[in-house]
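Novice: Fold the following, please.
(one chain, ligands or ions: 2)
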Amino acid sequence: MIDNNNKSSLHNGWNMRIIVIYFSNGLKRIFRKNSGRIISLLYLTACLIFWKYRYLIWKPEGLFLNLKMFIISALILVIISSVTFVTIFLIGMPFGASSISNNLHRIGFVNSVGEAPLLLSKSIDKNNSKIITLEFKTFGIPLSEWADNQDRIESALNIHIDEIYEGKNCRSVIVKCVDGENRLSDYIEWSENLLSDENFEIVLGEGYSGRVSVNISKIPHMLIGGSTGSGKSVLLKLVLMQCVKKGAKIYIADFKGGVDFPPIWHTKCSLLTDEKTLHKVLVSITDELQSRKQILRTAGVANIDEYNRNAKKKLYRIVFACDEIAEVLDKTGLSKQQKDEILKIESELSIIARQGRAFGIHLVLATQRPDAAILNGQIRNNIDTRICGRADNVLSQIILDNTDASDKIAKSSQGRFLINSGKIFQAYWFDENIL
Ligand SMILES: Nc1ncnc2c1ncn2[C@@H]1O[C@H](COP(=O)(O)OP(=O)(O)O)[C@@H](O)[C@H]1O
Ligand SMILES: [Mg+2]
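Specialist: Ligands and ions are numbered 1, 2, ... in the order given. The predicted structure is shown next:
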């Protein structure tokens with residue numbers, strides 16, 4: 001990006017390069033579909049017929065016959081080629097492209113020579129007419145810069161961006177968005193039919209462009225952050241409820257004696273209410289991990305899903321959850337012996353974080369404490385799904401590695417989260433009695 005002093009003097013304008021880009025984009029769009037190819041063939045045939053019978057339409061007579069014929073031919077040639085060129089150009093230039101580029105220019109979202117990205121296509125999702133997909137020619141602006149400037153792009157174009165990713169080649173970027181007038185609902189109730197049929201896909205809530213979910217068989221662990229009252233516990237329970245329904249074995253560490261989990265949870269999950277039991281259970285989980293290693297190796301498969309496809313006795317998934325991991329791992333003010341106990345717990349959690357994925361062993365951890373030292377690097381860095389509700393800069397930074405949750409989630413919101421894929425969503429609210 002260029003600095004503020006320079007950017008006002010620079011402008012995409014209608015230079016030759018842009019004309020060529022839209023012209024070739026038009027050609028690509030025409031020839032991409034069969035219908036486009038057929039229409040252009042018909043157009044070409046019509047032009048040839050028109051050309052062949054040009055003197056029947058304008059009959060040259062009298063003096064300077066040859067000159068008149070020449071002028072008629074030249075005129076028709078100019079008309080046909082201009083109409084063809086302008087039509088292809090207009091097909092290649094999406095509606096509103098010019099104002100979009102101008103708006104990006106206005107906010108200084110330009111490359112080093114002052115060119116703003118160029119809109120190449122704009123399409124509306126077939127299944128959800130709210131979702132708009134914009135494809136841009138980047139003019140060398142890297143994807144990371146798009147992500148860093150997401151807020152500014154959103155307000156310049158009056159959209160909510162749901163996803164930004166690289167197009168077919170590194171010179172284009174796809175922006176999935178909805179109109180800026182769309183609002184996320186503050187309350188969306190969970191219903192049974194939302195439960196995903198897909199193997200261990202966990203549904204979290206509704207984003208601007210539809211349902212937001214994570215598949216824990218692909219991204220095994222989850223870290224949820226947010227200040228008190230942001231909706232962490234409800235989200236954690238939403239995740240665990242779906243894991244229960246999908247047949248996982250759940251362990252919940254809760255040193256408050258399990259009071260945050262009404263009796264129904266105690267019948268479906270194992271609650272671990274003190275350090276000793278927690279450590280014992282974690283050791284049994286990592287022992288199970290080691291024995292699964294052997295089982296998978298013997299069966300010659302890479303992961304639990306492959307194993308279960310043919311196994312008579314299927315392996316179930318194991319989920320270890322904790323609603324306030326800082327309470328479990330905080331070592332401040334503890335005796336040496338107590339610290340050692342916690343270090344042992346930490347070491348078991350690290351093994352699960354590093355190796356759990358293939359063996360169907362998962363961590364779902366939540367925290368409200370903005371204290372980086374609590375969650376050691378090995379655990380934190382191996383948790384790929386990070387979700388943060390309303391939070392201050394420090395907590396957002398710890399959970400998401402950026403301050404986006406603090407910038408984008410209103411201080412009054414409940415159940416509103418930002419996932420590290422960049423999507424904002426309203427988590428489903430659910431009644432614990434349906435467990
Ligand atoms: N998904 C949600 N939708 C609407 N309101 C919610 C949602 N999640 C939480 N809330 C509201 O926020 C309150 C606090 O939620 P809770 O999960 O206990 O927060 P935390 O665990 O972060 O302190 C709930 O009692 C409820 O009123
Ligand atoms: Mg809570």
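Novice: Going by C-alpha atoms from here, please, whenever you check contacts or count neighbours.
Specialist: OK.
Novice: Could you list every helix and strand that the helix or strand containing Cys47 packs against?
Specialist: In this assignment (DSSP states H and E), Cys47 forms part of helix 34-52. Where contact means 3 or more C-alpha pairs under 8 Å, 6 or more residues apart in numbering; DSSP states H and E, helix 34-52 is packed against helix 16-32, helix 65-92.
Novice: so what does the next helix or strand after the longest one touch, helix or strand wise?
Specialist: For helix 65-92, the following helix or strand on the C-terminal side (DSSP H and E) is helix 97-106. For helix 97-106, the contact count by 3+ C-alpha pairs under 8 Å, 6+ apart identifies strand 118-124, helix 150-157 as packing neighbours.
Novice: Mind checking the ones you listed for the one nearest to ligand 1?
Specialist: For ligand 1, the closest of those is helix 150-157, at 23.8 Å, according to C-alpha to the nearest ligand atom.
Novice: Which parts of the stretch 301-435 of the chain are helices?
Specialist: 304-310, 325-329, 336-359, 377-381, 393-400, 404-408 (DSSP state H, counting those that start in this stretch).
Novice: Can you pull the domain assignment for the protein?
Specialist: 4-179, 188-434 (automatic domain parsing).
Novice: measure stretch 53-65 end to end?
Specialist: 16 Å (C-alpha to C-alpha, to the nearest Å).
Novice: how far out from the middle of the chain is it?
Specialist: For stretch 53-65, the distance from its own C-alpha centre to the chain's C-alpha centre is 64 Å (C-alpha atoms, centre = their mean, to the nearest Å).
Novice: contacting residues around it?
Specialist: 68-69, 72-73, 76 (C-alpha atoms under 8 Å, 6 or more residues apart in numbering).
Novice: Let me know the closest of those residues to ligand 1.
Specialist: Looking across these and measuring by C-alpha to the nearest ligand atom, the closest to ligand 1 is Ile76, at 66.1 Å.
Novice: how deep is that closest one tucked in, by neighbour count?
Specialist: Using other C-alpha atoms under 10 Å, Ile76 has 16 other residues around it.
Novice: circling back: looking at the domains of the chain, which is closest to ligand 1?
Specialist: Ligand 1 sits nearest to domain 188-434 of all these, at 3.2 Å, using C-alpha to the nearest ligand atom.
Novice: Mean confidence (pLDDT) on that closest one, please.
Specialist: What domain 188-434 shows for mean pLDDT is 94.
Novice: Show the end-to-end separation of that domain, please.
Specialist: Taking C-alpha to C-alpha, domain 188-434 runs 16 Å from one end to the other.
Novice: and what of stretch 57-69?
Specialist: End residues of stretch 57-69 are separated by 12 Å (C-alpha to C-alpha).
Novice: Just the buried positions in it, please.
Specialist: Using 16 or more other C-alpha atoms under 10 Å as the test for burial, stretch 57-69 gives 60, 68-69.
Novice: what residues does the protein put near ligand 1?
Specialist: 187, 226-234, 414-415, 427-429 (C-alpha under 6 Å from any ligand atom).
Novice: List buried residues within these.
Specialist: Buried among these (16+ other C-alpha under 10 Å): 226-227, 230-234, 414-415, 427-429.
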